[in-house]
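Engineer: Predicted structure and sequence below. I'll ask about it afterward.
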Amino acid sequence: MNRLFISFVFVVLTLSICAQEKPLLKIGDLSFSVDEFNYIYTKNNALSQKPVTRDEYIDLFVNYKLKVVEAMAQGYDTLPDFKKELDYYRNELAKPYLNDQKAVDEVVKEAYEHMCYEVDASHILINLPKIPSPEDTLKAYKRITNVKKQLEEGADFMQMVLKYSEGPSAKQSNGRLGYFGAFMMVYPFEKAAFSTPVGQVSEITRTSFGYHLIKVHDKRKNKGEILVAHLMKAFPYKANEVIQNQAKIGIDSIYRKLQNGASFNEMVTQYSDDKQTVSNNGQLPWFGTGRMVPSFSEAAFSLSENGQISEPVKTQFGWHIIKRLDSRPIKPIEECKADILQKIKGDERAFAGKKATVERLKGEYNYTINQTEFQAMKKLVIQKSKEGNLVIATQLKEAQLKPAHFDGGVLNSEDFANQAFNFSMPTEGLNAFDFQFIWDNYVEMALLAHEKAHLEAKFPEFNYLMKEYHDGLLIFEISQKEIWNKASNDSLGLNSFYEQNKASYRIEEHFNGTLYFCKTKKVSKQLKKALRQDSALTKDSLQKVWGDQVLIKEGRFFQNDEPLLDQQLWPSKVNNAGNEYPYLFKVGKKVEEAVQPLEAIKGQVISDYQADIEIMWLKHLKEKYQPVLNTFAL
C-alpha cells in the first residue's frame, strides 16, 4: 500500500514538473510561458471593470499573441520607427533600475533637514585654479593643513581668516557669511557646515573653489519665508557720509509721516527710489533668511505681525522701511519633495542615486583593478596628454592593457581610448586628478551599460514590461493595417456590412425635441405664449425669466424615459410616479420605429465592422499558425 502511494505521488510530481517546464502556448517556433500569462492576466484583470477567470482569459491571450506573431512575420519589428520607439520606452523604463532610489531618498531627506535650519558660519578659503595641477593641489592642501594645525593649537579663527584666507570678501567681512540655508552654498560646503557642531571648526573641505575650513557660530530653526513691501531712499554704492545722511533725513521724514497715519502705499508711490516695485506698492518676492542682505533680512524677520512697519534700515543700497505682508513656514517634506528634487539637479546630489548604483554593481559584479596595468595606463595617459587625443588613443590601443575586469566583462585600454576621450585635450595636458575623474566616469558608464543590457535577464518585471511595450507597439501597427484602415477605407464593404445587419440598427419609436416641465398651470400657459411669439428663445433666456419654475430637457426620449411624456404619447405605458413639475408641453415630433440611415450612425457601424473584420482575421490566423495550448501548465 505504501509502495503504491509513493508511486502515485512520484507520478503526480513528475507530471507537475513536466507541466511547469512546458510553455503554456506555442505559435510556430515561438513559445509563451505561464509566468508571462499570469503577469498579463493579473495586471489587466486588476484594471478591468469586469474581471474574468484565468480560463476565460486564455482565449484573449492566444488572440493577443497571434497578432504579435503575425506582425513579426510581416517584419514590423524590423522597421526603424518601431525600433526607435521601443528604444525610447526601454530607456525610460531602465532609469529607475540605474538610479538607486534609496540613495535619492536619502539626499532628499538630508536636503529637507538642512532646509529646516540655518547656519551662521565663517570660513577660511585657500584657492585652487579651475584645472589644478598636482603641484597646485598639494601646495594648497599643505597651506590649509597648516592653518588647521594652528587652529587646533589655539589660534584665533578670525585672525587666521585675515592672515590666510583668499576668499573674495575675507578682509571686509572677516570671512563671516551670516546665516544661510540649504542650496545656498555648493553642496560639499553646505554638508560640512550643517554637520559641524556649533562653536567648532569643520574638517578640511574641498569644493570647486578650493579648500575650506568652516567655523559654525550658530544654528537655528528656519523661520520659513516672508512676504514684504519696502520703501527705499537710495544712495550710490560706497557713497560718502554726506550723501548717506541726506538719504537718512529723507527716510526719517517719511517714517514720521507713516507713524502719523500716512498710507504706506501712497508713500511708496510718492517717494520710493526702487522703481521696479513702485507699481506693485513696493512688494518684493517671497524670500527666506539669507536671500537678502543680512541687515534687510533681519529687520524683515523681526516683524512679528502682518501690517507691521519697521524703523528705517540701512543696507549698501540705501535706507529702507519694510512692511510685513505675510509669512509661511517650511512645508512638510511630502509637499516640497518635487521642488527639492528639482533643486538637487543643480548640484552634486544629482548623482547620488547613480553613484550608489555603481557602487552596488561593483560588488555584484566583483569589479577588480589590476594595479600594475592600471598604473601603467595612468602614467601613459598623463605623459602623452599634452600631445593630444589622437596620440593617446593610438598609444592606448597599442598597449593592449586590461586594467580592470568584472563578471561579464573586461575594461581594456582600447575601449577606454574609444569611449573616454571624446573631448578636446587641454593644452597643459592632464594631471592625476583629471585621469582619475575620467577613469571613474568611464567605469561608471561601462558598468551601467552592462547592467542596462542585461535588465531583462536580471529583473522579470522589467522583462515583462518590455514585452508588453514590444507587443503593444506591434499590435497597434498591424491592427491599423488589418482592421482599422480596412474598415474606414472600404466603403463597399462597410455598406455591405450595414445592409446585412440592418436589423441591429433599428431605433425604437421615440420623441425628438424639447420638453418644458412647469410647476404650475399658469407658468405653463405663459411659457407657451412666449414661445409662440418668439420660437427662437433659448433655454438660458427662458430659465432666467422663470428660474426653478421651469425645467427644460432637450434630445431624444423613449418610452418610460419621462412619465408625463408617456401619458401624452404612449398611454398604455403610463407611469403614475409623482412629479415636482406636473405640467408638460413639448416642441418636436414623434418618430416611428425605423432603421437608422448609415450616415447617421456611421461611427457605430465602422466600429462594428472593425469587430467583424477582427473576428475573421483571428480565425484566419488560427488556421495559419495552429496555436498549441498546454492547459495543464496552468
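Structural biologist: Everything's here; your move.
Engineer: Looks like residue 356 contacts residue 102 (just checking).
Structural biologist: Yes. Using C-beta atoms under 8 Å, residue 356 makes contact with residue 102 at a distance of 7.2 Å. C-beta: built from backbone N, CA, C; applies to glycine.
Engineer: ok, those two, which is more surrounded?
Structural biologist: Remark: of residue 356 and residue 102, residue 356 carries more neighbours, 18 against 10, as counted by other C-beta atoms under 10 Å.
Engineer: a helix runs through the more buried one, doesn't it?
Structural biologist: Yes. Counting by DSSP: H, G, I helix; E, B strand; the rest coil, residue 356 falls inside a helix.
Engineer: what sits against it?
Structural biologist: Each residue near residue 356 by C-beta atoms under 8 Å, 6 or more residues apart in numbering is listed here: 100, 102-103.
Engineer: Mind checking which of those residues are in helices?
Structural biologist: Of these, the ones assigned to helices by DSSP state H are 102-103.
Engineer: Make CSV out of the contacts of residue 356 and add distance to residue 551 and pLDDT.
Structural biologist: Shown next, in CSV, are the contacts of residue 356 (distance: C-beta to C-beta, whole Å; pLDDT from 0 to 100):
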residue, distance to residue 551, pLDDT
100, 61, 90
102, 60, 90
103, 62, 90
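Engineer: Save the contacts of residue 356 as a markdown table, and put in distance to residue 374 too.
Structural biologist: Below are these laid out as a markdown table (distance: C-beta to C-beta, whole Å):
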| residue | distance to residue 374 |
| --- | --- |
| 100 | 26 |
| 102 | 30 |
| 103 | 27 |
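Engineer: Distance from stretch 212-226 to the middle of the chain?
Structural biologist: 31 Å (C-alpha atoms, centre = their mean, to the nearest Å).
Engineer: any idea where the helices of the stretch 201-350 of the chain begin and end?
Structural biologist: Taking DSSP state H, counting those that start in this stretch to define them, one finds helices in the stretch 201-350 of the chain at 241-259, 264-271, 275-278, 294-301, 333-344.
Engineer: just the stretch 501-634 of the chain next, same as before
Structural biologist: With helices called from DSSP H, counting those that start in this stretch, the stretch 501-634 of the chain shows them at 521-533, 539-546, 563-569, 602-625.
Engineer: Of all these, which one is nearest residue 174?
Structural biologist: Among the helices of the stretch 501-634 of the chain, the nearest to residue 174 by C-beta to C-beta is helix 539-546 (73.1 Å).
Engineer: Show me what that closest one packs onto, helices and strands only.
Structural biologist: Using 3 or more C-beta pairs under 8 Å, 6 or more residues apart in numbering; DSSP states H and E, the elements in contact with helix 539-546 are helix 521-533, strand 550-558.
Engineer: Have a look at this protein and report the helix or strand with the lowest mean pLDDT.
Structural biologist: Lowest by mean pLDDT, DSSP states H and E among the helices and strands of the chain is helix 2-21, with a mean of 38.
Engineer: partner residues bridging residue 584?
Structural biologist: residue 517 (DSSP bridges).
Engineer: got a list of what it touches?
Structural biologist: With the criterion set at C-beta under 8 Å, 6+ apart, residue 584 makes contact with 515-518, 524, 562, 564-565, 568.
Engineer: how close does residue 97 sit to residue 338?
Structural biologist: As defined by C-beta to C-beta, to the nearest Å, residue 97 lies at a distance of 22 Å from residue 338.
Engineer: Between these two, which is the more surrounded one?
Structural biologist: Each of residue 97 and residue 338 has its neighbours counted (other C-beta under 10 Å); residue 97 has more, 17 against 9.
Engineer: a helix runs through that one, doesn't it?
Structural biologist: Yes. Under three-state DSSP, residue 97 falls within a helix.
Engineer: pLDDT wise, what is it at?
Structural biologist: Residue 97 carries a pLDDT value of 92.
Engineer: Ignoring the adjacent residues along the chain, who's closest to it?
Structural biologist: residue 455 (5.7 Å; C-beta to C-beta, 6 or more residues apart in numbering).
Engineer: if I look at the one you found, how far off is residue 449?
Structural biologist: Separation of residue 455 from residue 449 (C-beta to C-beta) stands at 11 Å.
Engineer: quick one, which of those two is more surrounded?
Structural biologist: The neighbour comparison of residue 455 against residue 449 (other C-beta under 10 Å) goes to residue 455, with 18 against 13.
Engineer: That one touches residue 462, doesn't it?
Structural biologist: Yes. Residue 455 is within contact range of residue 462, at 4.7 Å (criterion: C-beta under 8 Å).
Engineer: intersection of neighbour lists for those two?
Structural biologist: Shared contacts of residue 455 and residue 462, defined by C-beta under 8 Å, 6+ apart, are found at 94, 97.
Engineer: could you flag which of the contacts of residue 584 are buried?
Structural biologist: 515-518, 524, 562, 564-565 (16 or more other C-beta atoms under 10 Å).
Engineer: Include distance to residue 178 and pLDDT when you put the residues you listed into JSON lines, please.
Structural biologist: Output for the buried ones among the contacts of residue 584, formatted as JSON lines (distance: C-beta to C-beta, whole Å; pLDDT from 0 to 100):
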{"residue": "515", "distance to residue 178": "74", "pLDDT": "95"}
{"residue": "516", "distance to residue 178": "74", "pLDDT": "95"}
{"residue": "517", "distance to residue 178": "72", "pLDDT": "94"}
{"residue": "518", "distance to residue 178": "75", "pLDDT": "94"}
{"residue": "524", "distance to residue 178": "78", "pLDDT": "93"}
{"residue": "562", "distance to residue 178": "75", "pLDDT": "91"}
{"residue": "564", "distance to residue 178": "78", "pLDDT": "91"}
{"residue": "565", "distance to residue 178": "78", "pLDDT": "92"}
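Engineer: Thank you kindly, that will do.
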